[in-house]
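**Q** can't give you the sequence, but here's the structure:
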């Protein structure tokens, strides 16, 4: 039997974060959400780089334009820190994309989505990505992630 999918959602706007969280939970996902990349336990400045074994989530969905750091820059830092979330499981949302940002997202292997959300399009993308995730994958304990101690 397949384990529930897990997603990390980061958005500084409460409404957007809650909408994505509810949408994913309705699909049966475990969801951990944060208001800012700097509050996420995976933020490199918090000395919580991804552990060498296991992964914290199947999906990372983040807003791009946030107060302390852009979502794209956060994804780039995670990649440098050996993040185990597959590039095909990373999505970035924005109401205002520049061509440079779209290009950077493509180079990072992230899927871009526009705001306001098109939940049907997001659901279609999730369906496609879910099929790529092995049934026997290993996820870290969600309590460790929420407490800011992924893999520790």
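**A** Received the coordinates, thanks. What you see is a predicted model; the values in this text were computed from it and never measured.
**Q** got the contact list for residue 40?
**A** Contact partners of residue 40, counting by C-beta atoms under 8 Å, 6 or more residues apart in numbering, are 8, 10, 34, 74. In short, each C-beta sits where N, CA and C put it, glycine included.
**Q** Go ahead and confirm the second one touches residue 36.
**A** Yes - taking contacts as C-beta atoms under 8 Å, residue 10 lies within contact range of residue 36: 7.1 Å.
**Q** which one of the two has more residues nearby?
**A** Using other C-beta atoms under 10 Å, the more surrounded residue of residue 10 and residue 36 is residue 10, with 27 against 16.
**Q** ok, and the closest non-adjacent residue to the more buried one?
**A** In space, and not counting its chain neighbours, residue 10 is closest to residue 62: 4.2 Å by C-beta to C-beta, 6 or more residues apart in numbering.
**Q** tell me the SS of the one you found?
**A** strand (DSSP: H, G, I helix; E, B strand; the rest coil).
**Q** ok, it touching residue 70?
**A** No - judged on C-beta under 8 Å, residue 62 makes no contact with residue 70 at a distance of 9.1 Å.
**Q** Between those two, which is the more surrounded one?
**A** residue 62 (26 against 19).
**Q** residues contacting that one?
**A** Counting by C-beta under 8 Å, 6+ apart, the residues that residue 62 touches are 8, 9, 10, 11, 37, 71, 74, 75, 91, 92, 93.
**Q** Point out the least confident one among those.
**A** By pLDDT, residue 37 ranks lowest within those, coming in at 87.
**Q** number of nearby residues for that one?
**A** Residue 37 has 25 nearby residues by other C-beta under 10 Å.
**Q** now do residue 85
**A** 21.
**Q** is it true that it lies in a strand?
**A** No - counting by three-state DSSP, residue 85 falls outside a strand, being coil.
**Q** any idea how far the nearest residue to it once chain neighbours are set aside is from residue 10?
**A** Spatial nearest neighbour of residue 85, excluding adjacent residues (C-beta to C-beta, 6+ apart): residue 60 at 5.0 Å. In this view, residue 60 and residue 10 are 8 Å apart by C-beta to C-beta, to the nearest Å.
**Q** which residues do those two both contact?
**A** Contacts common to residue 60 and residue 10, judged by C-beta under 8 Å, 6+ apart, are absent.
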